[in-house]
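Participant: Quick one, fold the following:
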Amino acid sequence: MTDDRISKPERPGSRLVIALVITASIAVGELVGGFVSNSLALIGDAGHMFTDVGALSISLIAFRLARSPATNERTFGLLRAEIIAALANGAILFFVAVFVIFEGIGRLGSEIDVDAGIVLPVAVIGLAANLVGAAILREHAGHSLNVKGAFYHMLSDAASSVAVIASSVFILATGENVADTIVSFIVAALIFRGSFALLSESFNILVEAVPPHIDLVEVRRSIEELVEVDNVHDLHVWTITSGVFALSGHMVVGDKPVRDCAAIIESANRLLRERYGIAHTTWQLECDSCGDENVCVLDRLKTNNEN
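Facilitator: The predicted structure follows:
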């Protein structure tokens, strides 16, 4: 049985547009300020913010694509568009971090004057803008991997701005410009952290791994505890898109009438919805477990690979 009532998460398009305009404006200001002041930390923060602009733009495009209706060729529509966008965002973040690190290494030991008097006000404005952008996206960050990616971008940017502010204050107080390079490494570390989180989560969705909040063994045990179910096997749980989970499996119910089987499936699906948030299910009912001559295809592939 398949529950085709897949509800799409709310699309926060207007919030993304507002965050995009704020971020793009501040990114341009930080880039100009970074070159004028000769601050690698500020340039790195500006580069990070430009990736935010790209991330937010990709997010908007992905949300538009995700609204595309299902067709006979794409039976789930383009719901995975936002996951691909999140993967792209993670990759962009990774390369920005690498760039900042290499630039920072090149500056070690060199005498470069940083105009902290310019860096400080620009970084303060950047911090305020990032906090506003993060606040705009926070409500939806828990429901969409793509929005979560944009939210992480803005949070890490805010942390970067704090570090840049601290370095500029230090430079103004001591005249030690090396603080700017050190902070650029901190900024890169923050970017790496967000990058790996996004890459890992989006990759796991694309390879249809079990969602992190679901224990497959526990799911199987819960269904088998239903009185009418003898056995559950060939069980698969995966994420279609953010907040939309699917399950397929074989259920052994013995030689029961069709009416009884419908009630069994409804009981199992209600349990899955209420306990695990799985709304899309497909069950194959069996009188006996798959025999050797009719072994489940995926189980057979797994066995062959292990051998």
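
Participant: What does the pLDDT read for G149?
Facilitator: G149 is assigned a pLDDT of 67 by the prediction.

Participant: my read is I205 is in a helix, agree?
Facilitator: Yes: judged by DSSP: H, G, I helix; E, B strand; the rest coil, I205 forms part of a helix.

Participant: Now for it: which residues touch it?
Facilitator: Taking Cβ atoms under 8 Å, 6 or more residues apart in numbering, we find I205 in contact with 80, 83, 145, 238-239, 241. Glycine gets a C-beta too; all of them are placed from N, C-alpha and C.

Participant: swap in F94?
Facilitator: 191-192, 195-196, 199.

Participant: Looking at those, state which has the most neighbours.
Facilitator: Within the contacts of F94, neighbour counts (other Cβ atoms under 10 Å) peak at I191, which reaches 31 neighbours.

Participant: which residues touch that one?
Facilitator: Contact analysis of I191 by Cβ under 8 Å, 6+ apart lists 48, 93-94, 96-97, 100, 156, 160.

Participant: helix or strand for it, which one?
Facilitator: Here I191 sits within helix 178-206, counting by DSSP states H and E.

Participant: in that helix, what's buried?
Facilitator: 178-192, 194-195, 198-199, 201-202, 204-205 (16 or more other Cβ atoms under 10 Å).

Participant: So for M49, what's the pLDDT?
Facilitator: Model confidence at M49, given as pLDDT, is 77.

Participant: What ranges does the stretch 101-250 of the chain have for its strands?
Facilitator: When secondary structure is read from DSSP state E, counting those that start in this stretch, the stretch 101-250 of the chain shows strands at 231-241, 244-252.

Participant: May I see these arranged in TSV, with distance to R64, mean pLDDT and mean neighbour count as well?
Facilitator: Below are those laid out as TSV (distance: least, Cβ to Cβ, whole Å; pLDDT from 0 to 100; neighbours: other Cβ atoms under 10 Å):
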stretch	distance to R64	mean pLDDT	mean neighbour count
strand 231-241	14	91	19
strand 244-252	18	93	20
